[in-house]
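Visitor: Quick one, what's the 3D model for this:
(one chain, ligands or ions: 2)
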Amino acid sequence: MSIVNIKEAVEILKKGQPVALPTETVYGLAAPIDNAEAIQKIFKIKRRPLSDPLIVHAANLEMALNCFKEPSEDLIKLAKIFWPGPLTLVYNKSDIISDTITADLNSVAVRIPANETFRQIINEVGGPLAAPSANFFKKVSPTNYEHILESLPNLDVVKGEVSNIGIESTIYEVSTQKILRPGHITHKDIESIINKEVTYSEKLNTPGSEVDHYQPESPVYVFEDPEKLKNFHSNYSELKLPNLAYKAQKILYSELRRLDKNNKPIHILYNPLWTTEDWLGVKNRLQKAATKWIKS
Ligand code: TXA
Ligand code: MG
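Guide: Ligands and ions are numbered 1, 2, ... in the order given. Model (predicted):
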């Protein structure tokens, strides 16, 4: 593996080899959407089943809208407000999107990342890049380049900023008005733009999402009661989450990765007062990471 600069990344991508790139949410493993072999390599490197569709990343609104078939007014409104940023929009795909990218669905997931380096690379490659998070399937997403050095040492990576959002983008399906994956942009944020009710169900799973996702090797226990947290195991690592959702989501993955090295159970306190919608993203990732959720 090596750290590559922007020019080198563009050359490698053009040759059909995936490259890990920084985004504001988590680092992605990118390949050009029109290179079928490169897209196949993403699945292979991640050990990801072909039934789990990829997110397409565009550099500007025109490029993003070209990925959809007749985008609706709501879609365009949301795109103009939230892009570049951590919102992925799902809608009918256009002919430029292959069935491998969408896992044979008729819809495609698209976003414009806020990270300027990523957008510059898209522009220089000359078209959209599909990019899932740059981690093994079901494991914890990377939020800095060192995470990639540690877990996928054979990859080429562009060293960029630490991902300041820290969890994956919100996924919103425009035609059903449903949040498929909660994130930094909330259903209220979306409702305020389209003036329609948006639903999110904690039980609803996006295609390819499994119950045991985002998991470190060490078992994760989430406690709602600090007393139970102290007495459950005699020897454990404790992940202390900040009391503000945006701060908690920013450190969540790097802390899980750091504590995982202790080879001890990881105990996390989830304060039952964290019920506001800004906590849904963190709560969702913890539910998926947790071996056990111990209520108060
Ligand atoms: O923040 C992010 O979204 C990051 C960065 C790299 O942009 N990417 C990311 O990709 O989290 P990934 O592959 O880890 O998650 C993609 C998920 C799929 O697992 C699936 O649940 C959903 O996006 N998805 C993709 N295409 C879809 C579609 N057509 N319909 C519904 N869900 C879709
Ligand atoms: Mg992922």
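
Visitor: Quick one: residues contacting the nearest residue to residue 47 once chain neighbours are set aside.
Guide: With sequence-adjacent residues excluded and distances taken as C-beta to C-beta, 6 or more residues apart in numbering, residue 47 is closest to residue 137, at 5.0 Å. Just so you know, the C-beta spots here come from the backbone N, C-alpha and C atoms, and that holds for glycine as well. Residue 137 is in contact with 46-49, 52, counting by C-beta atoms under 8 Å, 6 or more residues apart in numbering.

Visitor: again, but for residue 55
Guide: Per C-beta under 8 Å, 6+ apart, neighbours of residue 55: 28, 88, 109-111, 130-132, 169, 171.

Visitor: For the chain, name the helix or strand with the lowest mean pLDDT.
Guide: strand 199-200 (a mean of 92; mean pLDDT, DSSP states H and E).

Visitor: list the helices and strands it packs on?
Guide: The contact analysis (3 or more C-beta pairs under 8 Å, 6 or more residues apart in numbering; DSSP states H and E) places strand 199-200 against strand 178-181.

Visitor: Touching stretch 258-276 from outside, list them.
Guide: Looking at stretch 258-276 with C-beta under 8 Å, 6+ apart, the contacting residues turn out to be 140, 216-224, 226, 229, 232-233, 235-241, 243, 245, 256, 282-283, 286, 293, 296.

Visitor: how close does whichever residue of the stretch 51-200 of the chain sits closest to ligand 1 get to residue 41?
Guide: Taking C-beta to the nearest ligand atom, ligand 1 has its nearest neighbour within the stretch 51-200 of the chain at residue 132, 2.7 Å off. Note on residue 132: its distance to residue 41, by C-beta to C-beta, to the nearest Å, is 12 Å.

Visitor: Close to ligand 1: what parts of the protein are there?
Guide: 23, 25-26, 28, 52-55, 88, 90, 102, 105, 107-109, 113, 131-133, 168-169, 171, 180, 206-209 (C-beta under 6 Å from any ligand atom).

Visitor: C-alpha coordinates for stretch 279-290, CSV please?
Guide: Extracted in CSV, the C-alpha atoms of stretch 279-290 (Å, rounded to 0.1, in the frame of the first residue of the first chain):
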residue,chain,number,x,y,z
TRP,A,279,-28.8,11.0,18.1
LEU,A,280,-30.4,8.6,15.6
GLY,A,281,-27.3,8.2,13.6
VAL,A,282,-25.1,7.3,16.6
LYS,A,283,-27.8,5.1,18.1
ASN,A,284,-28.2,3.2,14.8
ARG,A,285,-24.5,2.5,14.5
LEU,A,286,-24.3,1.4,18.2
GLN,A,287,-27.3,-0.9,17.7
LYS,A,288,-25.5,-2.6,14.9
ALA,A,289,-22.1,-2.7,16.6
ALA,A,290,-23.6,-4.0,19.9
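
Visitor: ends of stretch 107-126, how far apart?
Guide: 23 Å (C-alpha to C-alpha, to the nearest Å).

Visitor: Give the burial count for residue 35, as a bare number.
Guide: Residues near residue 35, counting by other C-beta atoms under 10 Å, number 21.

Visitor: Report the contact partners of the closest residue in space to it that isn't next to it in sequence.
Guide: Excluding the flanking residues, the one nearest residue 35 by C-beta to C-beta, 6+ apart is residue 16, at 5.0 Å. Counting by C-beta under 8 Å, 6+ apart, residue 16 makes contact with 31-32, 35, 37-38, 41.

Visitor: out of the residues you listed, which are inside helices?
Guide: Among these, DSSP state H puts 37-38, 41 in helices.

Visitor: what about the lengthiest helix in the chain, distance to the chain center?
Guide: Counting residues, the longest helix found in the chain (DSSP H) is helix 245-260. In terms of C-alpha atoms, centre = their mean, to the nearest Å, the centre of helix 245-260 is set 14 Å apart from its chain centre.

Visitor: Give the next helix or strand downstream of that helix.
Guide: strand 266-269 (DSSP states H and E).

Visitor: and that next one, what's its mean pLDDT?
Guide: Mean pLDDT, computed over strand 266-269, is 98.
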